[in-house]
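A.B. asks: give the three-dimensional model of this entry:
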Amino acid sequence: MEGFRYFTDTTSQNPIPHDQSLEAAFSRLNVSSFNQPPPFSGADYSSGSAPKYPSRRNELMPGGFDGGDFGHLGLEDCWVGSDTDHGLGGFGSSLHKPSDWSQEPLNSLSVADLRGKIASLSMDQYGCRFFQRAMEDEPKEFTDMIFEEVVDHVAHLILDPYGNYVVQKLVEVCSEEQRTQILLRWTKNPFHFITLCLHSRGTRSVLKLLKKITTREQISVFVSALSCGAVDLSMNINGQHIMEYCLKNFSDEHKRCLLNVVIDNCIGIAKDKVGCCVLQQCVDYCYGETKGRLIAAIIEDALILAQDRYGNYVLQHLLGLRAPQVTSNLLRQFQGNYMFLSCSKYGSNVVEKCLLESGEEQSAEIIRELCRSPNLSMLLMHPFGNYVFQTALSVSKGLTHKFLLSLVQHYTPALLSNQYGKRVLAWRERNLRRM
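C.D. replies: Next up, the predicted model:
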């Protein structure tokens, strides 16, 4: 059978002579043999649910961690294994990258000729391209050969700069049964699976698999393994993409277990830079009783979140839903604290949103509470409070609006000498010209 040829430009290459043996060709490749990675010596998950995935380096390796790359993305909870196993279940396996060779030998070889070396060659830029093209253009028997040698090592390969592309292509073209086998191997140990999902390359491969799984059984296996690390995924720049895909594409039944974990940890997630965005997606893509519990859990600590640099965005998102019951419950949490929040860097944004998104009667009640405060005059000249006062002027009507304008008139001399007070005066002038 004629060997598969990937590289079409052979002007600078010398083909292997016909009388050269395959053994000699392999010696030029300098590819090491592959041994089965050692078994995981950590926690036993066979008894049931896995413990919460640790997100700090000292939790993963209490005695220290000397090898690998655990922070090239600025993340402490994802790492790339090296050639040495650090006791973390075979991520650092005995699979070595080929070295000191060129693409020349591959030009005259087929996938069948490379049996026994496919997993190792997948981690080389030439081997990676060779196997991807073979899976696209050659008969399915070649894909089956690649699958047989790669399937036991996908967890290691998807963290490799080249190997992850072979895995992605394999997931795309393999059969449903083979795809299920890959899924089962990835999710066998939830701890390892979450580690893969937190890595940038692992995320791409997992998302490729997600787009291909279709059966209820496959989705159930995936979500079950994912749920133990839902909090870490929600607060990780890579893992968030997997969470968002699940929220947008899975049924309520399948994503309920993920949302239950999010609900139990929603305050910590809301106060995270990435987590606050994922939590807003959770609100948008859950329904019924689950959505009610999630919103109730957020509102319960609304006063804390309103003062948080990221949590305030979650509250503004809830107000933006313009759901009367949700708005009423939030306003009730803030009663008696509007003046305090108006002078807060992040809380002032929430108070402005309350004024803009609530009904006329509700916004009037907020303004009345502010007017009853002995510190109302301070609000006009406060770095953050002045914005709340301007918003109050824009939404108020009738006697309330006239009272606020009279207050501005009364304090005009003081406002003229204050940089924040001048902004209130500028608002008044703009609106007077419109009238």
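A.B. asks: host element of the residue lying closest to residue 174 once chain neighbours are set aside?
C.D. replies: Excluding the flanking residues, the one nearest residue 174 by Cβ to Cβ, 6 or more residues apart in numbering is residue 147, at 5.7 Å. Bear in mind the C-beta positions are built from the backbone N, C-alpha and C, glycine included. Secondary structure from DSSP states H and E places residue 147 in helix 140-150.
A.B. asks: so what secondary structure elements neighbour that helix?
C.D. replies: Here helix 140-150 touches helix 118-121, helix 125-137, helix 163-173, going by 3 or more Cβ pairs under 8 Å, 6 or more residues apart in numbering; DSSP states H and E.
A.B. asks: just the C-alpha atoms of the very next helix or strand once past it, please, in PDB.
C.D. replies: For helix 140-150, the following helix or strand on the C-terminal side (DSSP H and E) is helix 154-157. Taking Å, rounded to 0.1, in the frame of the first residue of the first chain, the C-alpha atoms of helix 154-157 are listed here in PDB:
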ATOM      1  CA  VAL A 154      -5.800  11.800  25.700                       C
ATOM      2  CA  ALA A 155      -5.500  13.400  29.200                       C
ATOM      3  CA  HIS A 156      -1.800  13.900  28.600                       C
ATOM      4  CA  LEU A 157      -2.000  14.800  24.900                       C
END
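A.B. asks: helix 154-157: how far from the chain's middle?
C.D. replies: Between the centre of helix 154-157 and the centre of its chain there are 20 Å (Cα atoms, centre = their mean, to the nearest Å).
A.B. asks: name the helices or strands packed onto that helix?
C.D. replies: Applying 3+ Cβ pairs under 8 Å, 6+ apart, one finds that helix 154-157 contacts helix 163-173, helix 176-187.
A.B. asks: mind listing what's buried in the helix holding residue 147?
C.D. replies: Of the residues in helix 140-150, 142, 143, 145, 146, 147, 149, 150 count as buried by neighbour count, 16 or more other Cβ atoms under 10 Å.
A.B. asks: over to stretch 252-259?
C.D. replies: For stretch 252-259, by 16+ other Cβ under 10 Å, it's 254, 255, 256, 258, 259.
A.B. asks: need those residues in JSON lines (columns: distance to residue 292, pLDDT and secondary structure).
C.D. replies: JSON lines is the format used below for those (distance: Cβ to Cβ, whole Å; pLDDT from 0 to 100; DSSP: H, G, I helix; E, B strand; the rest coil):
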{"residue": "254", "distance to residue 292": "19", "pLDDT": "91", "secondary structure": "helix"}
{"residue": "255", "distance to residue 292": "15", "pLDDT": "92", "secondary structure": "helix"}
{"residue": "256", "distance to residue 292": "13", "pLDDT": "92", "secondary structure": "helix"}
{"residue": "258", "distance to residue 292": "17", "pLDDT": "94", "secondary structure": "helix"}
{"residue": "259", "distance to residue 292": "11", "pLDDT": "95", "secondary structure": "helix"}
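A.B. asks: many thanks, have a good one.
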